[in-house]
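> Compute the structure for the input listed below.
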Amino acid sequence: MNPTTGSAYMSEHQHQKVVITGAAGVLGTWISQAFAREGAELLLTDRREDQVERLADELRHGGATVHVVESDLSTDQGQIELLAAIRQAWGSPDVLVNNAGIYPHGSVLETSTSDVRGIFEINVVAPFALSRGVAELMIEAGIHGSIVNIGSGAGLSPATGGAAYAASKAALHMFTRAFALELASFGIRVNTVQPGFAPGSDVSHLEDDYIEAMIRTIPLARTSGPGDAPEAVLFLCSPRASFVTGSTISVDGGRTAGTLKPMPAQTLGGR
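Numbering: from 1, shown residues only. All right, here's what the predicted structure looks like:
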């Protein structure tokens, strides 16, 4: 039975064991809800314990099985403790979604080397450590699992005020490809989903004028929602993607295809 609909529909994610980091954030919540709706068993982690517990309670109310682990992925100890909790819960998961990330804003002249280390610890080192540790669990259990890293268009084209973030996402994109190469012989697939602009974070409030300006840069003229990037994550963790590894799926309304600029009126309809 589907835990949220009560129907006899059998999902390809039914009983999948799925780890989602940064689950209390906007995208983490959407991904968690998508997997729960498909009947997966979840282990959600975030350093905001109260928020991730509220999410877990919501999903449990819908019939999902949810484990919660409070973790600070900015430290080696936090990463080690999370891997131990995953092993204790299941032995090995089927899926790891490296969603946790931070985006401090500041010019290169305002950004300290300490700031850069902090960004890379969460955005790069933690996904590396967790992917390596989970891959070891999958190999030990003989599971042909899936790892999905949540990337960003900033990793391809940086914006002012986000140099360290852009560099961290570029590194994560490269780790996806390297892990995919090295884990392919074990049947473990590693891919990246690059989501689009999704306002709504309680950590970084965005003004309406800024959101409207951002929408004008998106070819499909809207922000990202719960039916967008999470569906790409579901696909990559399904048998339908059994021949997909080392790839990046951009779910950003066409924004990484190029920059929209207004066309002069006289050129419209011309050659």
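
> quick one: average pLDDT of stretch 69-84?
Mean pLDDT, stretch 69-84: 96.

> what about the strands in the stretch 1-150 of the chain?
For the stretch 1-150 of the chain, the strands defined by DSSP state E, counting those that start in this stretch occupy 17-21, 41-46, 66-70, 95-98, 146-150.

> Tabulate the ones you listed (CSV), appending mean neighbour count and distance to residue 240.
The way it works is simple: take the backbone N, C-alpha and C, and place the C-beta from them, glycine included. Listed next are the strands of the stretch 1-150 of the chain as CSV, based on neighbours: other C-beta atoms under 10 Å; distance: least, C-beta to C-beta, whole Å:
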stretch, mean neighbour count, distance to residue 240
strand 17-21, 27, 16
strand 41-46, 26, 20
strand 66-70, 19, 25
strand 95-98, 28, 14
strand 146-150, 27, 11
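
> and residue 128, which of the ones you listed is closest to it?
strand 95-98 (9.0 Å; C-beta to C-beta).

> which helices and strands does the closest one pack with?
When contacts are defined as 3 or more C-beta pairs under 8 Å, 6 or more residues apart in numbering; DSSP states H and E, strand 95-98 packs onto strand 17-21, helix 126-141, strand 146-150.

> So what are the sheet partners of that strand and their directions?
Strand pairing for strand 95-98, using DSSP bridges, gives strand 17-21 (parallel), strand 146-150 (parallel).

> got these as CSV, with distance to residue 83 and mean pLDDT columns?
Formatted as CSV, the strands paired with strand 95-98 follow (distance: least, C-beta to C-beta, whole Å; pLDDT from 0 to 100):
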stretch, distance to residue 83, mean pLDDT
strand 17-21, 10, 98
strand 146-150, 13, 98
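
> Helices of the stretch 151-271 of the chain, residue ranges please.
Here the stretch 151-271 of the chain has its helices, by DSSP state H, counting those that start in this stretch, at 163-183, 208-215, 229-236.

> which of the ones you listed is buried the deepest?
helix 229-236 (a mean of 22; mean count of other C-beta atoms under 10 Å).

> Packing partners of it?
helix 26-37, strand 146-150, strand 189-195, strand 248-251.

> Would you mind getting the angle between the second one and helix 126-141?
Just to be clear, that refers to strand 146-150. Between the axes of strand 146-150 and helix 126-141, defined by axes from the mean of the first three to the mean of the last three C-alpha atoms, to 10 degrees, the angle is 170 degrees.

> And for strand 146-150, what's in contact with it?
Under the contact criterion C-beta atoms under 8 Å, 6 or more residues apart in numbering, strand 146-150 has outside partners 22, 27, 94-99, 101, 127, 131, 134-135, 172-173, 175-176, 179, 183, 188-195, 229, 233, 236-237, 241.

> Can I get it in CSV, CA atoms only?
Only the C-alpha atoms of strand 146-150 are listed here, as CSV (Å, rounded to 0.1, in the frame of the first residue of the first chain):
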residue,chain,number,x,y,z
SER,A,146,22.4,5.0,-5.8
ILE,A,147,24.1,8.1,-4.6
VAL,A,148,22.7,11.5,-5.7
ASN,A,149,24.5,14.7,-5.0
ILE,A,150,22.6,18.0,-5.1
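
> Next, the angle helix 163-183 makes with that strand.
Comparing the axes of strand 146-150 and helix 163-183 via the same axes, to 10 degrees yields an angle of 170 degrees.

> Any stretches of the stretch 51-200 of the chain with poor pLDDT?
The stretch 51-200 of the chain contains residues with pLDDT under 70 at 200.

> Now for residue 240: which residues touch it?
residue 12.

> Surely residue 56 touches residue 44?
Yes - counting by C-beta atoms under 8 Å, residue 56 touches residue 44, with 5.9 Å between them.

> any shared contact partners between these two?
With C-beta under 8 Å, 6+ apart, residue 56 and residue 44 have common neighbours 66, 68.
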